[in-house]
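Novice: Need the 3D shape of this:
(one chain, ligands or ions: 1)
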Amino acid sequence: MLVVEQLRHRPGGRSLVQMTSTERNWAGNVTFGAAEVVHPVSLAELQELMASRSKLRVLGSGHSFNPIAGTTGTLVCLDRLGTAVELDPGARRAWVPAGATYAMICPELDAAGWALRNLASVPHVTVAGACATGTHGSGRSNPGLAAAVDAIELVRVGGELETLSSSATDFSGSVVALGALGVVTRMRLELEPSYDVAQEVWLEVPLGGVLERLDQVLGAGHSVSLFTTWAEPTTLDQVWVKRRVSPGDPAATGTGEPLDDLLGGHRAPSPAHPVPGADPAHATAQLGLRGPWYERLPHFRADAVPSAGDELQSEWLVSAGMGAAALDRLAALAATLAPAVLACEVRAVAADEQWLSPTWRRDAVALHFTWRPDEDRVSQLLHVVEDALAPFDPRPHWGKLSAMEPAALARAYPRLADFRELAERVDPERVLSNPFVDYCLGR
Ligand SMILES: Cc1cc2nc3c(=O)[nH]c(=O)nc-3n(C[C@H](O)[C@H](O)[C@H](O)COP(=O)(O)OP(=O)(O)OC[C@H]3O[C@@H](n4cnc5c(N)ncnc54)[C@H](O)[C@@H]3O)c2cc1C
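Specialist: Residues are numbered from 1 along each chain as shown. Got it, this is the predicted structure:
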């Protein structure tokens, strides 16, 4: 028996932790529009759905800001398919349920002595949803989350269950896949031994000095984030540095002296939040307090509303060597951007091999915008920012807002045509597509 939708939508359109509204996305700016919402409770039920529906999309935690997850047909939620993590310590791998959030699986991995190399700023997103859109954390030598996937299990249109390992011909096109190739049921993730991280924040960091040595600054920790509201164009409001702490280190406080010289500014005396005015209690622990990787790599606590709550987001990734020039170009637009921006974040992301990854074969600097929730103004500014970044060949984030047209997307993502061919091959009737995906694929 298929489980019929039970509405769990909170007034205001916001979802807490991993609770998914199946009417609208987390930001509340997209209505999914599904004729039916189904929560299969077994693989067999999912296979039956895939064999019988003519239009179907799968929803993760709904944290994307565009209609990528929408469908007028059947919206499938995997929240009742089980959350068992299957560890293979010898291979340093774990099969995890695709519909589980990172907040669900990470404590279990850690308890068994294992860790992931990187996490996004929110642990609230599902593993499959994050990977499908090329979601990333940060770090000069840390690629996006999809790079940790070395096998996937998915149900194809028609109902066939298939496992693709990294040696499969289509694998590099199949993880960052926009939900267009099948419903992913499990993903196998590469692990490393569990580790601790300490996080510190610097305030009022001069932008000029950072631009002169951007690569060095973004490499100053396992993960480094620069934040600005553009209210003061010559100064970064905050620089967050997350460093791994070696096992013998009793505490991380005091380990950052060289950073004072590198960054300028001064260390935050109390916890900060990336969005000025938001409650620092919602952010992960700072002040050099060491803690497990999964409680420090995200900016936001798993049990709190992340980021501002009321917001829209966009992000473009440029090649690492262009990062400083691109950031300088944005600084020149500070007066235009500042009224619309809650916070901008700048991070390094390492290259990977996934065709639709925003860092496909390109080390990158990611330029992120958390916008005030004013859709008209943001729509205008998307063009302003994309015009400014055009000389730097930006790749937009698949889960956020962009105004880029199909021809520009095809230039930004050189393997887009290969991906379209793959999608046509495995789903010729376009059961799994929707207008957003068709638009992005130029069809
Ligand atoms: C507050 C906030 C902070 C964020 N921080 C970051 C960040 O630090 N870095 C970053 O890169 N992004 C970030 N994002 C963007 C976010 O990571 C992406 O939008 C991501 O896709 C969200 O995952 P989800 O589970 O909500 O996916 P959804 O938005 O629900 O779905 C996204 C896509 O994945 C597909 N999908 C979902 N599950 C499956 C499945 N089982 N099989 C096949 N396809 C599937 C859907 O069909 C859809 O196409 C942030 C978003 C928010 C709201």
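Novice: so what's Asp249 scoring on pLDDT?
Specialist: In this model, Asp249 is scored at 64, pLDDT.
Novice: Over to Gly129?
Specialist: 98.
Novice: go on, Arg8?
Specialist: Looking at Arg8, its pLDDT is 38.
Novice: List the residues that contact the residue nearest to Ala338 when sequence neighbours are not counted.
Specialist: The shortest distance from Ala338 to any non-neighbouring residue, by Cβ to Cβ, 6 or more residues apart in numbering, is to Trp230 (4.2 Å). The way it works is simple: take the backbone N, C-alpha and C, and place the C-beta from them, glycine included. Residues in contact with Trp230 (Cβ atoms under 8 Å, 6 or more residues apart in numbering) are 330-331, 333-335, 337-338, 341, 344.
Novice: List buried residues within those residues.
Specialist: 330-331, 333-334, 337, 341, 344 (16 or more other Cβ atoms under 10 Å).
Novice: which of those residues sit farthest apart?
Specialist: Greatest spacing in those, by Cβ to Cβ: Ala331 and Val341 (12.4 Å).
Novice: Give me every residue in the chain lying close to the ligand.
Specialist: Within reach of the ligand by Cβ under 6 Å from any ligand atom, the chain has these residues: 26, 57-64, 68-69, 78, 98-99, 120-122, 125-126, 128-130, 132-133, 135-136, 178-179, 183-184, 306-307, 313, 397, 399.
Novice: Mark which of the buried ones among the contacts of Trp230 are part of strands, please.
Specialist: 341, 344 (DSSP state E).
Novice: Just give me the closest of the buried ones among the contacts of Trp230 to Asp374.
Specialist: The closest of the buried ones among the contacts of Trp230, once distances to Asp374 are taken by Cβ to Cβ, is Val341, at 10.8 Å.
Novice: Listing partners with orientation, what would you give for the helix or strand Gln313 falls within?
Specialist: Taking DSSP states H and E as the definition, one finds Gln313 inside strand 312-319. Next to strand 312-319 in the sheet, as set by DSSP bridges, lie strand 364-371 (antiparallel), strand 395-396 (antiparallel).
Novice: Just the CA trace of it, in PDB.
Specialist: Taking Å, rounded to 0.1, in the frame of the first residue of the first chain, the C-alpha atoms of strand 312-319 are listed here in PDB:
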ATOM      1  CA  LEU A 312      16.600  33.500  -1.500                       C
ATOM      2  CA  GLN A 313      20.000  32.300  -2.700                       C
ATOM      3  CA  SER A 314      22.200  32.300  -5.800                       C
ATOM      4  CA  GLU A 315      25.700  31.200  -6.500                       C
ATOM      5  CA  TRP A 316      28.200  31.200  -9.300                       C
ATOM      6  CA  LEU A 317      31.600  29.400  -9.400                       C
ATOM      7  CA  VAL A 318      34.500  30.800 -11.300                       C
ATOM      8  CA  SER A 319      37.900  29.300 -11.800                       C
END
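Novice: which SS class is Arg188?
Specialist: The three-state label given to Arg188 by DSSP: H, G, I helix; E, B strand; the rest coil is strand.
Novice: Count the neighbours of it for me.
Specialist: 21 (other Cβ atoms under 10 Å).
Novice: Only the buried residues of stretch 435-443, if you could.
Specialist: For stretch 435-443, by 16+ other Cβ under 10 Å, it's 436-437, 440-441.
Novice: Would you tell me which one of the strands paired with strand 312-319 is buried the most?
Specialist: Compared across these, strand 395-396 shows the largest average neighbour count, a mean of 26 (mean count of other Cβ atoms under 10 Å).
Novice: any idea of the mean pLDDT for it?
Specialist: 98.
Novice: So which residues make contact with it?
Specialist: Residues contacting strand 395-396 (Cβ under 8 Å, 6+ apart): 314-318, 358-359, 364, 386, 402, 404, 409, 412-413.
Novice: Just name whatever secondary elements the following helix or strand past it is in contact with.
Specialist: Remark: after strand 395-396, the chain's next helix or strand is helix 406-412, criterion DSSP H and E. The contact analysis (3 or more Cβ pairs under 8 Å, 6 or more residues apart in numbering; DSSP states H and E) places helix 406-412 against strand 395-396, helix 416-426, helix 435-440.
Novice: Regarding stretch 129-147, how distant is the last residue from the first?
Specialist: 14 Å (Cα to Cα, to the nearest Å).
Novice: So what's the gap between that stretch and the chain middle?
Specialist: 6 Å (Cα atoms, centre = their mean, to the nearest Å).
Novice: dump the residue contacts of Ala348.
Specialist: 138-140, 215, 218-219, 224, 320, 323, 363-366.
Novice: Having no further points to raise, I will conclude here.
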